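Visitor: Attaching a predicted model along with its sequence, questions to come.
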Amino acid sequence: MRRTGNIALLEQLVADGAKYLFGNPGTVEEGFLDAMRYVPGLEYVLGLQETVSVAMADGYARATRRPAFVQLHSGVGLGNGIGMLYQAKRGNSPLVVLAGEAGVAYDAMDGQMACDLVAMARPVTKWATRVVDPQSVLRVLRRAVKIASTPPMGPVFVALPMDVLDAPNHESVIPTPRLDTRVAPRPEEVRVLAQMLAAAERPLLIVGDGVANSDAQAELTRVAELLGAEVWGANSSEVNMDASHPLFNGLLGHMFGKDSTAVVSQADAVLIVGTYVFPEVFPSLSGVFRPGARVAHIDLDAYEIAKNFPVDMGLVADPKRTLGALGEVLAGLMTPTQREAAAQRLRSAGERQLLRRNLASQAGDPGSDVPSLFMRELARRVGDDAIIFDEALTTSPLVNRFLPARKPGHFFQSRGGSLGVGIPGALGVKLAHPDKTVISFSGDGASMYTIQALWTAVRHGIGAKFVVCNNGGYKLLDVNIQEYWRERGIPEHAFPGSFSLSYPPLRFVDIARSMGVPAARVGTPESIGPALEQALSTPGPFLIDWMLPRSSPGVDADVRCGQ
């Protein structure tokens, strides 16, 4: 058998640890897809649309923290996947995306589907390139794997012309080396940072997924406890700190900068770790930090340090090693007065947490409504060992109340603003952890972006569980327009009809069953137990259509055609 670039490409993927190739096939990629029969060890996971394929790969990459490989079809397939590639870029997911072209020989013809794939991919990837030499296929692919998996991780794109892959290939297959980025700052810099934080009366920590990527949760928690510092998440979509810890206060605003400013401006010393600031849609342009506040930033992504606001100290370093060293220095450096002040802040945080729980208890059981009963019963059945993929959006506070993000690697949240990641993302996570219970929560609107992923779940036997939070509309838009009305003094009125999904109703049970996924609807207390029993005892995928109320200042505008 003649060894072509098609076969060499697949051999390189296997050498780099690929078990799955996520994709949707096309004519200009048919050569290397056909060659998969010659290269064992690689399974093609078929998505019915490229958005699904990229989102599955994103979930797999997040769960394994290793590169995931995606095949897209030329310009049209790449175009379909761009929204999810944007999410992967903002979330630092190490994806290696391959797309075929008709061939270098046809460049001058401007034929059907001809386009500049590299130019299309460049804004939503860390690196994008095109192979034009048949003896550089593996060299370029290894470079792509290295770039994708080196912090700051991110998606990369490689265009592969058909005639380049069809040509004989004599390159050797060599596994791509993983670079060691566990770099630490100089001891004197750590000491300066420790002195700055120890002297603060209101220290604050802002953390993101760089903490989880570095496995630095324990080191972060120790530093927070030594300082008695509040911890807030920014671009935090995984478990960077146990959400039940009294010092963890949740996430800063993701939509409006004023929400973040209200928190951050209270601190006299701020330590940012593993995130960019600030990731809102409408960020504050100034005034985020208190005048005179000291600000430090630890990250392996030098681009993000001092990108938007000046810092007093920027350390391009591994969060785990740096926080570990910082904790050691703080433990030996803090004065008795500083230790007692920090201990008092920690005690106060615990007292506030206990007070909130007592007030909730005195106010009566807020969990007697059907949605809370459902979440309480689900939490009782799965415990803290289930992996949650949360794209519930406006229902996320309820989900996180009963299934808090506590165990590293057991919680993933939507990020980057792309809707539809929940269902396929959970499939990718389940492929990475086949022995775990994986549960996806997604809104009804978000689910419809990628609902065809249910078909993939059945085809490949991926037994994730899906909960559709069905409130009959794009409720996040309801929330945001109410803020818009308040800011501009506009009286509340009916939501725009374009926000409603109530007519015709989306029948998720029927949709799921049409693709081979068993399903049940939960809308009454009596329906909760049987639905959960069926879902958790079914070995394959299962969907629950979870009926939720849609709070509204008025009715939706009538969206029925002709009325």
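Guide: Thanks, I have the structure now.

Visitor: where does the stretch 351-500 of the chain dip in pLDDT?
Guide: 359-368 (pLDDT under 70).

Visitor: Show me the strands in it, by range?
Guide: Ranges of strands within the stretch 351-500 of the chain are 387-391, 411-413, 438-443, 465-470, based on DSSP state E, counting those that start in this stretch.

Visitor: And the third one, what does it pack against?
Guide: Read that as strand 438-443. strand 387-391, helix 422-432, strand 465-470 (3 or more Cβ pairs under 8 Å, 6 or more residues apart in numbering; DSSP states H and E). In short, each C-beta sits where N, CA and C put it, glycine included.

Visitor: between the second one and strand 438-443, how big is the angle?
Guide: In terms of direction (axes from the mean of the first three to the mean of the last three Cα atoms, to 10 degrees), helix 422-432 departs from strand 438-443 by 170 degrees.

Visitor: for helix 422-432, packing partners?
Guide: Using 3+ Cβ pairs under 8 Å, 6+ apart: helix 422-432 touches helix 50-64, strand 387-391, strand 438-443, helix 444-447, helix 453-459, strand 465-470.

Visitor: what do you get for the last one?
Guide: For strand 465-470, the contact count by 3+ Cβ pairs under 8 Å, 6+ apart identifies helix 422-432, strand 438-443, helix 444-447, helix 508-514, strand 542-547 as packing neighbours.

Visitor: send the alpha carbons of the second one over as PDB?
Guide: By that I understand strand 438-443. Output of strand 438-443 as PDB, limited to C-alpha atoms (Å, rounded to 0.1, in the frame of the first residue of the first chain):
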ATOM      1  CA  VAL A 438     -22.600  13.200  33.300                       C
ATOM      2  CA  ILE A 439     -25.600  15.600  33.400                       C
ATOM      3  CA  SER A 440     -26.100  18.500  31.000                       C
ATOM      4  CA  PHE A 441     -28.400  21.400  31.900                       C
ATOM      5  CA  SER A 442     -29.300  23.700  29.000                       C
ATOM      6  CA  GLY A 443     -32.000  26.200  28.300                       C
END
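
Visitor: ok, back up a step: find the one among the helices and strands packed on strand 465-470 with the highest mean neighbour count.
Guide: Of all those, helix 422-432 carries the top mean neighbour count, a mean of 30, counting by mean count of other Cβ atoms under 10 Å.

Visitor: between that helix and strand 542-547, how many degrees?
Guide: Angle, helix 422-432 to strand 542-547, by the same axes, to 10 degrees: 150 degrees.

Visitor: one step back: with distance to residue 518 added, can I get the helices and strands packed on strand 438-443 in JSON lines?
Guide: JSON lines is the format used below for the helices and strands packed on strand 438-443 (distance: least, Cβ to Cβ, whole Å):
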{"stretch": "strand 387-391", "distance to residue 518": "19"}
{"stretch": "helix 422-432", "distance to residue 518": "15"}
{"stretch": "strand 465-470", "distance to residue 518": "11"}
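
Visitor: Now do the strands in the stretch 1-150 of the chain.
Guide: In the stretch 1-150 of the chain, the segments counted as strands under DSSP E, counting those that start in this stretch are 20-23, 43-46, 68-72, 95-101, 127-130.

Visitor: which parts of the second one are buried?
Guide: In other words, strand 43-46. 45, 46 (16 or more other Cβ atoms under 10 Å).

Visitor: Residue 7 versus the nearest residue to residue 134 once chain neighbours are set aside, what's the distance?
Guide: Leaving aside its chain neighbours, residue 134 sits nearest to residue 167 (3.7 Å; criterion: Cβ to Cβ, 6 or more residues apart in numbering). The spacing between residue 167 and residue 7, counted by Cβ to Cβ, to the nearest Å, is 12 Å.

Visitor: Okay, now the unreliable bits of the stretch 51-200 of the chain?
Guide: For the stretch 51-200 of the chain, no stretch is flagged by pLDDT under 70.

Visitor: Of residue 167 and residue 7, which one has the most company?
Guide: residue 7 (19 against 16; other Cβ atoms under 10 Å).

Visitor: Enumerate every residue touching the closest residue to the more buried one other than its chain neighbours.
Guide: Once flanking residues are discounted, residue 7 sits nearest to residue 35: 5.0 Å by Cβ to Cβ, 6+ apart. Applying Cβ atoms under 8 Å, 6 or more residues apart in numbering to residue 35 gives the contacts 4, 6, 7, 10.

Visitor: okay, those in TSV with pLDDT and distance to residue 327 next?
Guide: What follows is these, written out as TSV (pLDDT from 0 to 100; distance: Cβ to Cβ, whole Å):
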residue	pLDDT	distance to residue 327
4	95	54
6	95	51
7	96	51
10	97	46
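
Visitor: Would you mind listing which of these are buried?
Guide: Buried subset of the contacts of residue 35 (neighbour count, 16+ other Cβ under 10 Å): 4, 6, 7, 10.

Visitor: Kindly reformat the helices and strands packed on strand 465-470 as JSON lines containing distance to residue 121.
Guide: Formatted as JSON lines, the helices and strands packed on strand 465-470 follow (distance: least, Cβ to Cβ, whole Å):
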{"stretch": "helix 422-432", "distance to residue 121": "20"}
{"stretch": "strand 438-443", "distance to residue 121": "26"}
{"stretch": "helix 444-447", "distance to residue 121": "24"}
{"stretch": "helix 508-514", "distance to residue 121": "32"}
{"stretch": "strand 542-547", "distance to residue 121": "33"}
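
Visitor: so which of these gets nearest residue 263?
Guide: Nearest to residue 263, of all those, is strand 438-443, at 25.9 Å by Cβ to Cβ.

Visitor: Touching the closest one from outside, list them.
Guide: Residues from elsewhere that reach strand 438-443, judged by Cβ under 8 Å, 6+ apart: 378, 382, 386-396, 399, 419-420, 422-423, 425-426, 429-430, 464-469, 471, 474-476.

Visitor: In its sheet, which strands sit next to that strand, and in what direction?
Guide: strand 387-391 (parallel), strand 465-470 (parallel) (DSSP bridges).

Visitor: returning to that earlier point: out of the helices and strands packed on strand 465-470, which comes closest to residue 230?
Guide: Among these, strand 438-443 sits nearest to residue 230 (Cβ to Cβ), with 27.1 Å.

Visitor: can you give me the offset of that closest one from its chain's centre?
Guide: Relative to the chain's own centre, strand 438-443 is displaced by 13 Å; criterion: Cα atoms, centre = their mean, to the nearest Å.

Visitor: and it with helix 50-64, angle?
Guide: Using the same axes, to 10 degrees: strand 438-443 against helix 50-64 is 130 degrees.

Visitor: partners of residue 313 in the sheet?
Guide: Beta-bridge pairing of residue 313 under DSSP bridges involves residue 296.

Visitor: Let's have the contacts of residue 35 in CSV, adding distance to residue 533.
Guide: Converted to CSV, the contacts of residue 35 look like this (distance: Cβ to Cβ, whole Å):
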residue, distance to residue 533
4, 52
6, 48
7, 48
10, 43
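
Visitor: beta partners for residue 251?
Guide: Beta-bridge partners of residue 251, counted by DSSP bridges, are residue 233.

Visitor: What residues sit buried inside the longest helix along the chain?
Guide: In terms of residue count, the longest helix belonging to the chain (DSSP state H) is helix 336-362. If you call a residue buried by 16+ other Cβ under 10 Å, then helix 336-362 has these buried ones: 338, 341, 342, 345, 346, 349, 353.

Visitor: which helices and strands does it pack with?
Guide: Secondary-structure packing of helix 336-362 (3+ Cβ pairs under 8 Å, 6+ apart): helix 217-227.

Visitor: between the helix it packs on and helix 336-362, how many degrees?
Guide: On the basis of the same axes, to 10 degrees, helix 217-227 is oriented at 110 degrees to helix 336-362.

Visitor: so what secondary structure elements neighbour helix 217-227?
Guide: strand 203-207, helix 319-333, helix 336-362.

Visitor: And the contacts of that helix?
Guide: Helix 217-227 has contacts (Cβ under 8 Å, 6+ apart) with 197-198, 200, 203, 205, 207, 211, 229, 231, 239-242, 245, 247, 271, 273, 319-320, 323-324, 326-327, 330-331, 334, 342, 345-346, 408.

Visitor: Thank you kindly, that will do.
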